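**Student:** how would this look folded up:
(one chain, ligands or ions: 1)
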Amino acid sequence: MDYYVYEYLRTDNTPYYIGKGRKNRAFTKQGHTVPLPSKDRIRFIAENLSADDAKNLEIELISKYGRKDIGTGILRNMTDGGEGSPGRIATAEQKRKMKEARAKQITTEETREKMRQAHTGRVHSEKTLDKMSKSASVRWANTTDDTIRIQKIKEARAKQDMTQRIVKCPHCEKQGGHRNMARYHFDNCKFNTN
Ligand SMILES: [Zn+2]
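**Tutor:** This next block holds a predicted model:
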């Protein structure tokens, strides 16, 4: 009966994570897929619970608030909850659910990656066009020689690389070139709780 259910709050007091555990669980970074908030934004929803009651409440609350990764709500939880109760063997039903959640997550990540690639491609072609003068773009359109085309693409890319901007991620404060940073930081940053 030493289990509890806790939530991590954003600065606007909406929860971004629901968890269950005991002892120091709510305050340790290890084992969490989300960043720890400051202590005043860790709230205990219920205490002195059995492992099963904590698990059930966790599942209920995750279902109530919904998950961001699968588009059902506001939580950064990556599963529907209920995992990791010690001394408990997962039932076939639980295993199936966990498998489904993982599959959904992978699909979401693949979709994101595809969108990112599509977006990057669009930005490149817009930039490339921008860099060329009007007459050059007419010549470009009339160019049938693939070697010239490829050479021009290479030149445009080299130019872009030289104009790489250094930007800072607002979530983890890491700095770096804007293309890599856009890929792994800002909205995609693992410290993003929004
Ligand atoms: Zn970051």
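
**Student:** Spell out the residue ranges of the helices in this protein.
**Tutor:** For the chain, the helices defined by DSSP state H occupy 51-65, 92-131, 134-142, 146-162, 178-184.

**Student:** residues near the closest residue to residue 165 other than its chain neighbours, how many?
**Tutor:** Spatial nearest neighbour of residue 165, excluding adjacent residues (C-beta to C-beta, 6 or more residues apart in numbering): residue 178 at 4.4 Å. Heads up, the C-betas are built off the backbone N, CA and C, glycines and all. Residues lying near residue 178 (other C-beta atoms under 10 Å) number 14.

**Student:** Residue 178 and residue 164 touch, don't they?
**Tutor:** Yes - judged on C-beta atoms under 8 Å, residue 178 makes contact with residue 164 at a distance of 6.4 Å.

**Student:** Kindly report the domain assignment for the chain.
**Tutor:** Following automatic domain parsing, the chain resolves into domains at 3-88, 105-188.

**Student:** what about the shortest one, start to end distance?
**Tutor:** From its first residue to its last, domain 105-188 covers 14 Å (C-alpha to C-alpha, to the nearest Å).

**Student:** begin at 8 from here
**Tutor:** Sounds good: first residue 8 from here, last item domain 112-195.

**Student:** hmm, back to that, for the helices of the chain, give me TSV that also has mean pLDDT.
**Tutor:** Output for the helices of the chain, formatted as TSV (pLDDT from 0 to 100):
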stretch	mean pLDDT
helix 58-72	95
helix 99-138	68
helix 141-149	59
helix 153-169	76
helix 185-191	88
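
**Student:** Single out the most deeply packed of the ones you listed.
**Tutor:** Greatest average neighbour count among those goes to helix 58-72 (a mean of 18), per mean count of other C-beta atoms under 10 Å.

**Student:** Counting by contacts, list what that one packs against.
**Tutor:** In terms of contact count using 3 or more C-beta pairs under 8 Å, 6 or more residues apart in numbering; DSSP states H and E, helix 58-72 is assigned the packing partners strand 10-16, strand 22-29, strand 49-56.

**Student:** among the helices of the chain, which is nearest the ion?
**Tutor:** helix 185-191 (7.0 Å; C-beta to the ion).

**Student:** CA atoms only for the closest one, dumped as CSV, please.
**Tutor:** The C-alpha trace of helix 185-191 is given here as CSV (Å, rounded to 0.1, in the frame of the first residue of the first chain):
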residue,chain,number,x,y,z
HIS,A,185,19.4,25.5,-38.0
ARG,A,186,18.8,22.4,-40.2
ASN,A,187,20.0,19.8,-37.7
MET,A,188,18.5,21.8,-34.8
ALA,A,189,15.1,21.8,-36.6
ARG,A,190,15.3,18.1,-37.0
TYR,A,191,16.1,17.2,-33.3
